[in-house]
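Undergrad: can't give you the sequence, but here's the structure:
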C-alpha cells in the first residue's frame, strides 16, 4: 500500500553546482570516497572507506531511497531507508534533499528529517539531529547551506537556515536561523558572527576552537568590577569565589576540597 503524497516544498537557497542526475553513479561513489579520505585522517585507503564506512554507506542508500521516493515508490523508499538505518545506525528520510560531497563521520545516531535540505560539502558527526518542531505537513526541518560543519550531538530544530561556512559546536541546540560565517555554541545555541570571513574559506573542522560567550561576559564583568573597586580604594578579596584565569580555567578560591 502506497503512503500519502509527499509534502511540496518550495525551492530553497541551497546551491548545487552539479546535480546528481547529471553524474553517473560510479562518479558519485568515487567522489564520496575521496571526500571521506579528505575529511577523515583515520581513513587509510579507498578500500577501507568502500567497505567499512557506515556514513558513506548511509549516503549511498539514501540516494537509492530518494530516487524511489521521487518516482512515487514510497513504501519501497521507506523500506530501503529502514534497512539502511538497521545496518548503519543512521536514519535519513527518503524525501530529504542532500547535496554532493556530504560526509557523515562515525554517524551512529544521526537523524535527518523529511523536509531537511543539505547543500554541498557539508560535514556532520555522530548524534546530530536535523529535526522538526511542528505537526503540520509543511517545511519543518532545517536547511543547511554549503560547507557547514555540525559537531557531535548537536541538534538543529525547526524550519531554520544555517548559513554557509558556519560551524555548529558539539551538543549545541540550534533553534533560530544562523547567518553565514558564524559559530554556534551552547544550549540554547548562542550565535557568534565572525568579524572577518574570506569568500571561500576551507571547511572548518577545528572543533576545539570554539568561543564561550557566557564565560567571556562574566570575565569582563569581573575585570570591570576589580577596576571599579581599585578606583574606590576598596580592599576586598582579590578574587571572586569563582573566577576564570586567563588560560580559560575556572578557579575556586575557597580552601575546602570538593569531590566529583
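TA: Looks like it came in fine. Here the structure is a predicted model, which is why all the values come from computation and not from measurement.

Undergrad: So residue 76 belongs to a helix, correct?
TA: Yes - assessed with DSSP: H, G, I helix; E, B strand; the rest coil, residue 76 lies in a helix.

Undergrad: Could you report the separation of it from residue 64?
TA: Distance, residue 76 to residue 64, using C-beta to C-beta, to the nearest Å: 9 Å. For glycine as for every other residue, the C-beta is placed from the backbone atoms N, C-alpha and C.

Undergrad: What values do phi and psi take at residue 157?
TA: Phi and psi for residue 157, reported as degrees, to the nearest 10, are phi -120, psi 140.

Undergrad: surely it meets residue 176?
TA: No - Residue 157 lies out of contact with residue 176 (C-beta atoms under 8 Å); the separation is 9.7 Å.

Undergrad: Same drill for those two, tell me which one is more crowded.
TA: Neighbour totals were compared for residue 157 and residue 176, and residue 157 leads with 20 against 12 (other C-beta atoms under 10 Å).

Undergrad: contacting residues for the more buried one?
TA: Shown in contact with residue 157 (C-beta atoms under 8 Å, 6 or more residues apart in numbering): 129, 131-133, 142, 173-175.

Undergrad: Over to residue 94?
TA: With C-beta under 8 Å, 6+ apart, residue 94 has these contacts: 62, 65-66, 68-69, 74, 77-78, 80-81.

Undergrad: Between all of the residues you listed, which two are at the greatest distance?
TA: 62 and 74 (14.7 Å; C-beta to C-beta).

Undergrad: So the two - more neighbours on which side?
TA: Legend: neighbour count by other C-beta under 10 Å for residue 62 and residue 74, higher for residue 62 (25 against 18).

Undergrad: Please identify the helix or strand for the more buried one.
TA: Of the helices and strands defined by DSSP states H and E, residue 62 is found in helix 54-70.

Undergrad: That helix: which residues count as buried?
TA: Neighbour counts using 16 or more other C-beta atoms under 10 Å place 54-59, 61-66, 68-69 of helix 54-70 among the buried residues.

Undergrad: Just give me the closest of the residues you listed to residue 191.
TA: Looking across the buried residues of helix 54-70 and measuring by C-beta to C-beta, the closest to residue 191 is residue 55, at 26.9 Å.

Undergrad: I figured the closest one was touching residue 87, is that so?
TA: No - here residue 55 does not reach residue 87: they are 12.0 Å apart, not a contact under C-beta under 8 Å.

Undergrad: Around residue 120, how many other residues sit close by?
TA: There are 18 residues near residue 120, going by other C-beta under 10 Å.
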